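>>> Generate a structure from the sequence data that follows.
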Amino acid sequence: MRKVIIITAFAGFGMLAACSGNANEGEIKKLNERITALENELEELKETAGPGLAELMNQNYGHLQKLETAIAEGNWEYAEFCMHEMEETFEKIEYIHNNHDELVQPASEQFKAFIYPVFESLEAAVEAHDEPKAADLFINLKTNCGKCHTANNHGFIAL
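Okay, here's the model as predicted:
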């Protein structure tokens, strides 16, 4: 008996859905249009209300300078902190400005090409408290930052 009730209930729901499907198509279309409009608004707000690309890059430059000092002084805890802050800033740049009109390709792609490989190696050297390796990788990171700037027609921003 229980199976009959369950089957009947599902059949009833199916008929109800079929009958109301046409009536709801217009409503679903309106909701989808509203979702698209809200997504577009969010993208515009990210660009206009959030920090600008230059502001975030300047923020990262400050962390980069502090990282250099932390490595030179063997202040590994502070070096790890600076790297964490830089990583957060990279993520913000990808989220807010990934397709910024001044970038030749998405920031996420450029970070993968220029920044992340060296950054990850530097992170490992910092965690291992390996000052010579960290110092060398830091120079490579700065160099790659400059290469990324040059690739985006901003080579005048030298680190």
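>>> Tell me which residues of the one helix or strand residue 78 maps to come out buried.
Residue 78 belongs to helix 76-97 when elements are defined using DSSP states H and E. Using 16 or more other Cβ atoms under 10 Å as the test for burial, helix 76-97 gives 76, 78-79, 82-83, 85-87, 89-90, 92-94, 96-97. Every residue, glycine included, has its C-beta placed from N, CA and C.
>>> Which one of these is nearest to residue 136?
Checking those against residue 136 with Cβ to Cβ, the nearest one is residue 79 at 14.2 Å.
>>> Identify the residues contacting the closest one.
Applying Cβ atoms under 8 Å, 6 or more residues apart in numbering to residue 79 gives the contacts 67, 70, 71, 126, 134.
>>> What strand or helix carries the closest residue to it other than its chain neighbours?
Excluding the flanking residues, the one nearest residue 79 by Cβ to Cβ, 6 or more residues apart in numbering is residue 70, at 3.8 Å. Here residue 70 sits within helix 53-73, counting by DSSP H and E.
>>> For that helix, name the packing helices and strands.
Helix 53-73 is packed against helix 76-97, helix 131-151, with contacts defined by 3 or more Cβ pairs under 8 Å, 6 or more residues apart in numbering; DSSP states H and E.
>>> quick one: low-confidence parts of this protein?
Applying pLDDT under 70 to the chain flags the ranges 1-23.
>>> just to revisit the earlier point, out of the buried residues of helix 76-97, flag the one nearest to residue 106.
Proximity to residue 106 was ranked across the buried residues of helix 76-97 by Cβ to Cβ; first place goes to residue 94, at 7.9 Å.
>>> residue contacts, the closest one?
Here residue 94 is in contact with 106, 107, 108, 111 (criterion: Cβ under 8 Å, 6+ apart).
>>> What subset of those residues is buried?
107, 108, 111.
>>> domain assignment for the chain?
1-49, 53-151 (automatic domain parsing).
>>> isn't residue 121 right up against residue 134?
No: Residue 121 is not in contact with residue 134 according to Cβ atoms under 8 Å; the separation is 9.4 Å.
>>> So for those two, which sits in the more crowded spot?
More crowded of residue 121 and residue 134, by other Cβ atoms under 10 Å: residue 134, with 26 against 16.
>>> Against residue 125, how distant is that one?
Distance, residue 134 to residue 125, by Cβ to Cβ, to the nearest Å: 4 Å.
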